[in-house]
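Novice: Everything below, folded, please.
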Amino acid sequence: DKKLDFYFGNPRHNRVNDFIYLYIRIFQIMFKIEIICIGKLKENYFKDAEKEYLKRITRFAEIGVTELPEYGYLSEAKAKETEGENILKAVNSYMFALDGRGRELSSEEFSLKLEGLKNTCSKAAFVIGGSDGLAESVIQKADFLLSFGKFTYPRQLMRVMLSEQIYRALTISNNIAYHK
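Specialist: A predicted model of the protein is given here:
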């Protein structure tokens, strides 16, 4: 098979990675990623961009998006608490919480973090809070606080940016030239 000859002949791969790649492909063991967010995407351009990155990610991992309800009609504290409870019910895996107080990673560091997770667990969840942020209960239970910098981004844009960074990280760990 020319595809396998090319793959095994590629000096960018080592034999251990070759074995892992074939094992995953043969047995279809895919890393699962879930993006859990408060609210829905409203603008078509955000929907289209997220859809494109989610489609690209499926080459490397199973990906899903869970949209939880917003509680904007409640007080800020009650809304955060209710949204936090819903988030914690939805997460049953390693949890990244996106928060400005979290750790900033380069794309390469993020790729290494995901690659390490793929070797230790089968699922990861990324949590994006509502307009008032994440409840303290979610912050406390998160396995990793991830920051995209000190800027504040709209939640809809953050979903697209997160999807792109997940795709970028997966291309880096699979030696695909997208990230260059």
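Novice: List the pairing partners of the lengthiest strand in the chain within its sheet, with orientation.
Specialist: Ranked by residue count under DSSP state E, the longest strand found in the chain is strand 94-104. Sheet partners assigned to strand 94-104 using DSSP bridges are listed as strand 123-128 (parallel), strand 144-147 (parallel).
Novice: which residues sit against the longest one?
Specialist: So that's strand 123-128. Strand 123-128 has contacts (C-beta atoms under 8 Å, 6 or more residues apart in numbering) with 31-38, 87, 90-98, 114, 117, 134, 138, 142, 146, 155, 158-159, 162, 166. C-beta: built from backbone N, CA, C; applies to glycine.
Novice: can you check the last one too?
Specialist: Residues from elsewhere that reach strand 144-147 (C-beta under 8 Å, 6+ apart): 94-105, 113, 126, 139.
Novice: Return a ChimeraX selection command for the buried portion of these.
Specialist: Buried residues among the contacts of strand 144-147 (16 or more other C-beta atoms under 10 Å), as a ChimeraX selection:
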select :94,95,96,97,98,99,102,105,113,126,139
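Novice: Between the contacts of strand 144-147, which sits nearest R56?
Specialist: Using C-beta to C-beta, the shortest approach to R56 within the contacts of strand 144-147 belongs to F126, at 16.0 Å.
Novice: still on that earlier bit, can you name the next helix or strand after the longest strand of the chain?
Specialist: Going down the chain from strand 94-104, the next helix or strand is helix 107-120, by DSSP states H and E.
Novice: by how many degrees do that following helix and strand 123-128 diverge?
Specialist: Orientation check (axes from the mean of the first three to the mean of the last three C-alpha atoms, to 10 degrees): helix 107-120 against strand 123-128 gives 140 degrees.
Novice: List the buried residues of helix 107-120.
Specialist: In terms of neighbour count (16+ other C-beta under 10 Å), helix 107-120 has its buried residues at F110, S111, K113, L114, L117, K118.
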